[in-house]
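Enquirer: Task: produce atomic coordinates for the following.
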Amino acid sequence: MFKRRNGFTLIELLVVIAIIAILIGLLLPAVQKVREAANRMSCSNNMKQMGLALHGYHDTYGKFPASWDYEPPLPPQRPTGVVSPWGVYILPYLEQDNIYKQYNFDAMATVAPNAALVQTPLKVFQCPSSPSRGKIYSFPFPANPGGLQGIPAGTLVASRSDYTAITGVRRWTELVAPTPAETDLQDIGQRHGVLRGVSQDPRVSALLAPQMGFADITDGTTNTFLVGELAGRPDVYNARRQIIAQGINPGAGWGDGFNGEHWPNGTSSDGNIVGSNVPDGPCLINCSNLQSRGMYSFHTTGANFLLTDGSVRFFAQSTSNRVIVFMITSQRGEIIPSQ
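Expert: Predicted structure coming up:
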């Protein structure tokens, strides 16, 4: 009689391991796709909450908040100049009223109590696909940044955000590339978005833009962006999702006064640094996350945008520059090309 064999031979075991490895290799991409789809949906839901919050602010004040608000020194109440971002103004409409009530709008975010408040990680400002995840970062800035007088030099320590207000667009002629016959598409300087840098102080308010309400958005609320993804800051990422510089990219936090200063003007398609900067170019989505260069996400094929009507749409990297540029402006009257 033959002895009954218990267990597997080495060859059989290797075959089983090989089959399991093949199955894992087949299933892993599918699992990753499902996870990314869920992350993208969560990111979209974040932006929908922001849309509701921005609409709630408009319902209260009759206009949208500033992308950033600059107020010059006014001693003794306000000993230095201050800049406050849009993210702080919508906190009460994001169920963060406790933070809002403690925030001192007569002080910079580097000064107590603001310094501790802006370090609070808020999930609504975090895209799950991004590596930032609300991490705390440190960013030094000079005195009088951008020519805003009375703001002292300092170092902001804050929680990261993956989103930004979209304040306008630059390099119109290069991005739109109008032909001589397209007389209505020449650069006439009307390149502002909805959320704008403003001041309530009559000494400087005339030098900045006015706050916008629904009635001012003549391009239509379904044709105009409010907020978009700009993930990964303050590090600088290229088109291959590689970090090419660390800690030098401004406006990274929801409580950062310069989070709302974003004027996309396009970069090179690879998003790499040449010399000391990323070159200008035709790419507006997912090539570089530098401030005022383009939009950037860690989704595989595009980025989410919040429109003024409160809806959120995903725009592919291949979207025509004219579509993106025309949807940034709010009062120019362009006809959005079909995609």
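Enquirer: residues in contact with stretch 247-256?
Expert: Here stretch 247-256 makes contact (Cβ atoms under 8 Å, 6 or more residues apart in numbering) with 85, 87-88, 109, 114, 117-118, 122, 125, 132, 137-139, 141, 156, 158-161, 163-164, 230, 232-236, 258-262, 289-291. Placement of C-beta: from N, CA and C, glycine included.
Enquirer: what packs against the longest helix seen in the chain?
Expert: The longest helix of the chain (DSSP state H) is helix 10-61. On a contact count with 3 or more Cβ pairs under 8 Å, 6 or more residues apart in numbering; DSSP states H and E, helix 10-61 meets strand 163-165, strand 225-229, strand 302-307, strand 312-316.
Enquirer: Show me how far that helix is from its chain's centre.
Expert: 21 Å (Cα atoms, centre = their mean, to the nearest Å).
Enquirer: try stretch 265-276
Expert: Relative to where its chain is centred, stretch 265-276 has its mean C-alpha point 18 Å off (Cα atoms, centre = their mean).
Enquirer: quick one: buried residues of it?
Expert: 265, 266, 267, 268, 269, 270, 271, 272, 273 (16 or more other Cβ atoms under 10 Å).
Enquirer: and if you look at stretch 217-226?
Expert: In stretch 217-226, counting by 16+ other Cβ under 10 Å, buried: 217, 219, 223, 224, 225, 226.
Enquirer: out of the residues you listed, who's nearest residue 11?
Expert: Using Cβ to Cβ, the shortest approach to residue 11 within the buried residues of stretch 217-226 belongs to residue 225, at 61.0 Å.
Enquirer: which residues touch the closest one?
Expert: 166, 193, 194, 305, 306, 307, 308, 327, 328.
Enquirer: Identify the residues contacting the second one.
Expert: Put plainly, it is residue 193. Counted by Cβ under 8 Å, 6+ apart, residue 193 has contacts 67, 165, 166, 167, 168, 169, 224, 225, 226, 328, 329, 330.
Enquirer: same thing with the fifth one?
Expert: In this structure, residue 306 makes contact with 47, 48, 50, 51, 54, 225, 226, 227, 228, 312, judged by Cβ under 8 Å, 6+ apart.
Enquirer: quick one: it from residue 195, how far?
Expert: Counting by Cβ to Cβ, to the nearest Å, the separation of residue 306 from residue 195 is 10 Å.
Enquirer: What of the first one?
Expert: When Cβ to Cβ is the yardstick, residue 166 and residue 195 sit 7 Å from each other.
Enquirer: between the two, what contacts are shared?
Expert: Common neighbours of residue 166 and residue 195 (Cβ under 8 Å, 6+ apart) are 226, 227.
Enquirer: ok, which stretches of the protein are strands?
Expert: In the chain, the strands defined using DSSP state E lie at 68-71, 82-85, 136-141, 154-159, 163-165, 197-198, 225-229, 236-237, 243-245, 302-307, 312-316.
Enquirer: from the ones you listed, which stretch is densest packed?
Expert: strand 163-165 (a mean of 29; mean count of other Cβ atoms under 10 Å).
Enquirer: And for it, what's in contact with it?
Expert: If you take Cβ under 8 Å, 6+ apart as the criterion, strand 163-165 is touched by 46-47, 50, 67-68, 85-86, 125, 127, 193, 195, 226-231, 251, 254, 259-260, 262, 291.
Enquirer: Kindly reformat the contacts of residue 225 as TSV containing distance to residue 316 and pLDDT.
Expert: Shown next, in TSV, are these (distance: Cβ to Cβ, whole Å; pLDDT from 0 to 100):
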residue	distance to residue 316	pLDDT
166	18	97
193	21	95
194	23	97
305	11	98
306	17	98
307	16	98
308	21	98
327	14	97
328	17	97
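Enquirer: Closest to residue 12 out of those residues?
Expert: Residue 12 lies nearest to residue 305 out of the contacts of residue 225, by Cβ to Cβ, at 54.7 Å.
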